[in-house]
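Enquirer: When you get a sec, could you give me coordinates for this:
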Amino acid sequence: MNDDHLMYRFSKTELFIFTYSSTITLGLIFLPYVSHLEVRSAWLKVIVAGLPMIGVFFLIQTVINKHKNADILDLFNHYTWKIIYYPVLGYIFFNAVMACCWGIKALAFIVRSFLLHNTSEFVLCLFFLLVVLVGLLYGIVPITRFLVLFFVFEIIIILAVVSLFFTEDFRLIYVRPVMSTDILTFLDSSLTDLTRFTGVIPLIGFITYIKQPEKMFKTVSSAIGLVMFTYSTISLLVLGVFGFEQALVLLSPLTSLIQASAAWEGVFQRIDMVFIAIWTLSFYKIALIHFWFVHYLLVKLIPVARKTEIVNKIAIVSGLLALSFIVPGYIEFDSSLYFMNLNFYAVVTPSLICIYLLVRRPVTRQGELFDG
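Expert: Alright, predicted model coming up:
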């Protein structure tokens with residue numbers, strides 16, 4: 001299937017699930033804390049951190065309504081000089097590639113830590129990416145239908161974890177106080193947590209394939225709101241179950257929640273293994289989204305590439321496999337610059353593009369200025 005000549009149009013339900021699925025996996029694996037700047041208010045700052053992404057899609061919605069075109073990158077290409085368009089698109093493409101690389105690194109990290117301790121990283125990544133390639137070759141329609149199916153598993157996992165609120169493992173006293181630090185530290189830490197939401201950027205490509213894109217904002221903002229609620233809930237649980245000090249050193253807090261709870265004893269002997277297996281499969285889901293987005297950007301960057309779709313996708317998967325062994329992992333480098341760059345890529349760059357498009361007057365199909 002050629003994604004760029006897609007006739008199928010996705011519904012609001014599929015848009016909602018795509019939005020939720022695009023970011024939830026990696027954000028939860030390393031919850032509750034990525035910044036270590038402050039901890040007790042983590043459940044609140046993950047809500048604050050999601051607001052800028054909602055703002056970005058409000059701007060995108062406004063651009064769509066003004067120009068009657070859901071393809072933001074195509075509009076940007078039309079209204080700006082190539083000397084500006086291609087470097088900006090190249091920057092977006094670079095960050096999309098790096099997001100895939102760090103996703104692969106995170107997968108290998110989690111699997112080797114909890115499942116296959118003696119298996120080499122190369123073997124893990126190779127088999128994982130071969131499966132990703134198969135899904136990628138089928139195109140965005142089968143990928144989205146898979147997301148709809150897997151969404152059910154994710155909700156079951158979240159509901160199972162939320163049940164910990166009603167067990168003796170959760171202690172409300174660990175959660176207080178609500179604000180334990182000054183406002184500047186809280187905001188600085190919230191900016192770092194904004195990186196959890198940057199996975200929704202593939203929506204820039206996906207919304208070109210949905211029905212009534214001019215009405216997409218409510219659906220997207222609702223999905224981001226559910227992500228915010230999910231992150232906040234897990235943060236509260238981790239803090240309430242493990243306490244302040246222990247939460248700082250957890251490798252994967254969500255996995256630790258499952259392993260630490262005795263709520264399912266007598267029902268499942270190793271519920272943590274069931275959870276880890278499903279959560280590992282969810283990496284496949286998020287990889288399909290972001291690998292598809294890399295291919296979408298590649299065709300925008302090199303239009304002639306649309307003629308060699310299968311070759312492109314094989315090259316993307318092979319290149320990312322090789323690149324994943326070159327880039328450092330999450331715990332192997334100073335992440336502050338990475339977080340700053342990721343926020344600039346996901347929030348500042350699309351916002352500037354939208355603001356620029358909003359000050360430009362739309363043109364009709366005949367090339368005349370649209371006065372409306």
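Enquirer: In terms of helix, strand or coil, where does R361 fall?
Expert: coil (DSSP: H, G, I helix; E, B strand; the rest coil).
Enquirer: what about it, how many neighbours?
Expert: Using other CB atoms under 10 Å, R361 has 11 other residues around it. For every residue, glycine as well, the C-beta is placed using N, CA and C.
Enquirer: give me the low-pLDDT residue ranges for this protein?
Expert: By pLDDT under 70, the low-scoring segments of the chain are 1-7, 24-42, 112-117, 173-174, 176-190, 243-280, 328-336, 363-372.
Enquirer: Which parts of it are strands?
Expert: Ranges of strands in the chain, per DSSP state E: none exist.
Enquirer: the longest helix in it is where?
Expert: What stands out as the longest helix in the chain, according to DSSP state H, is helix 82-114.
Enquirer: Just the buried positions in it, please.
Expert: 85, 88-89, 92-93, 95-111, 114 (16 or more other CB atoms under 10 Å).
Enquirer: list the helices and strands that helix packs on?
Expert: helix 24-29, helix 72-79, helix 121-138, helix 271-301, helix 309-323, helix 336-343, helix 349-358 (3 or more CB pairs under 8 Å, 6 or more residues apart in numbering; DSSP states H and E).
Enquirer: Stretch 191-204 spans what distance, first to last residue?
Expert: 22 Å (CA to CA, to the nearest Å).
Enquirer: Contacts only, for the nearest residue to F76 once chain neighbours are set aside.
Expert: In space, F76 comes closest to I353 once its chain neighbours are excluded; the distance is 5.2 Å by CB to CB, 6 or more residues apart in numbering. Counting by CB atoms under 8 Å, 6 or more residues apart in numbering, I353 touches 72, 76, 88.
Enquirer: Next: Y356.
Expert: Neighbour list for Y356: 76, 79-80 [criterion: CB under 8 Å, 6+ apart].
Enquirer: Likewise for Y345?
Expert: Here Y345 is in contact with 91-92, 95, 198, 201 (criterion: CB under 8 Å, 6+ apart).
Enquirer: which one is K313 nearest to, not counting chain neighbours?
Expert: L136 (5.0 Å).
Enquirer: Quick check, the one you found in contact with W292.
Expert: Yes - with contact defined as CB atoms under 8 Å, L136 reaches W292; the gap is 6.3 Å.
Enquirer: Name all residues that sit in contact with those two at the same time.
Expert: Here L136 and W292 share the contacting residues I143, scored by CB under 8 Å, 6+ apart.
Enquirer: List the contacts of stretch 309-317.
Expert: Contacts for stretch 309-317 (CB under 8 Å, 6+ apart): 2-3, 129, 132-133, 136-137, 291, 294-295, 298-299, 305.
Enquirer: try 10 Å
Expert: 1-4, 97, 100, 129-130, 132-134, 136-137, 139, 287, 291-292, 294-295, 298-299, 302, 305-306, 308 (CB atoms under 10 Å, 6 or more residues apart in numbering).
Enquirer: Lovely, talk soon.
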